[in-house]
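Participant: sequence unknown, structure follows:
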């Protein structure tokens, strides 16, 4: 009897403890008050937002000013971000900018979008058929940004990779963004490129833009990467807005890659993706 009584008492105590624990967990789950958030994380996001505003990179004092922190506080956050590759620092200029892990985070978020999934599927299909290398680009904070690189066919010698930002004036992808996007969206980037020494005179640039609009695609032959040619086609949504571009790359001497028949397949792939997004063209 004594054993049974002790057993029952222990069971009652355990049941009571479980109820207390469950009740406590429910309180934490139900309480979405901002007071329960981690303040250091929120401050860290302010530091990252300060960097996003400066596409060319930001000095410590600029990060501090734009995030509302002292320089010593901003430096501690930046150091932690550098250690985790969220931020990188240029050793010559001392400027900070978003790092490789930040790029991967952004790409992972974008991969959830139907637009990216649909565009990527059509790109992979046409590249498999052509046995060629290609890439998928969208407009990012710093201009046309590679979000998918697909190797295929003959290897290409290039420093391009996922996360690369392409120039507007000298890449086939960039020409498409100039042709299809509002000038207010693109022209500040053009001015920045010219300040950095990438200059295509206005008459030539307008001719390239007009040609892209008329043909429905853009081509370049070694103007961005010497010895590398590219054909890019636009992916449009239901509002006829440019949401992405698909590009096929080849060595400049391999002209057969850009025969009329193969060009037609590249355009068809882009249009197929566009129709899947509601484009009525």
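Facilitator: That came through, no problem. What you see is a predicted model, and the numbers here were worked out from it, not measured in a lab.

Participant: list the buried ones in the helix or strand hosting residue 204?
Facilitator: In this structure, residue 204 is located in helix 202-215 according to DSSP states H and E. Across helix 202-215, burial judged by 16 or more other CB atoms under 10 Å covers 205, 208-209, 212. In short, each C-beta sits where N, CA and C put it, glycine included.

Participant: Ok, stretch 266-280 next?
Facilitator: Buried residues in stretch 266-280, defined by neighbour count with 16+ other CB under 10 Å: 266-267, 269-277, 279.

Participant: Stretch 166-174 now?
Facilitator: 166-174.

Participant: cool, and stretch 85-95?
Facilitator: 86-89, 95.

Participant: now that stretch: mean pLDDT?
Facilitator: Average pLDDT, stretch 85-95: 91.

Participant: Quick one: residues in contact with that stretch.
Facilitator: 48, 51, 56-60, 78, 81-82, 96-102, 105 (CB atoms under 8 Å, 6 or more residues apart in numbering).

Participant: Take these and keep only those in strands.
Facilitator: 96-98 (DSSP state E).

Participant: can you list the residues you listed in TSV and add neighbour count and distance to residue 179?
Facilitator: Putting the ones in strands among the contacts of stretch 85-95 into TSV (neighbours: other CB atoms under 10 Å; distance: CB to CB, whole Å) gives the following:
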residue	neighbour count	distance to residue 179
96	25	34
97	18	28
98	23	28
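
Participant: Of these, just say which sits nearest to residue 261.
Facilitator: residue 98 (41.3 Å; CB to CB).

Participant: List the contacts of that closest one.
Facilitator: 48, 51-52, 86-88.

Participant: quick revisit: would you format the ones in strands among the contacts of stretch 85-95 as CSV with distance to residue 116 included?
Facilitator: Output for the ones in strands among the contacts of stretch 85-95, formatted as CSV (distance: CB to CB, whole Å):
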residue, distance to residue 116
96, 28
97, 23
98, 19
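
Participant: List just the nearest of these to residue 125.
Facilitator: Out of the ones in strands among the contacts of stretch 85-95, the member with the shortest distance to residue 125 (by CB to CB) is residue 98, at 31.8 Å.
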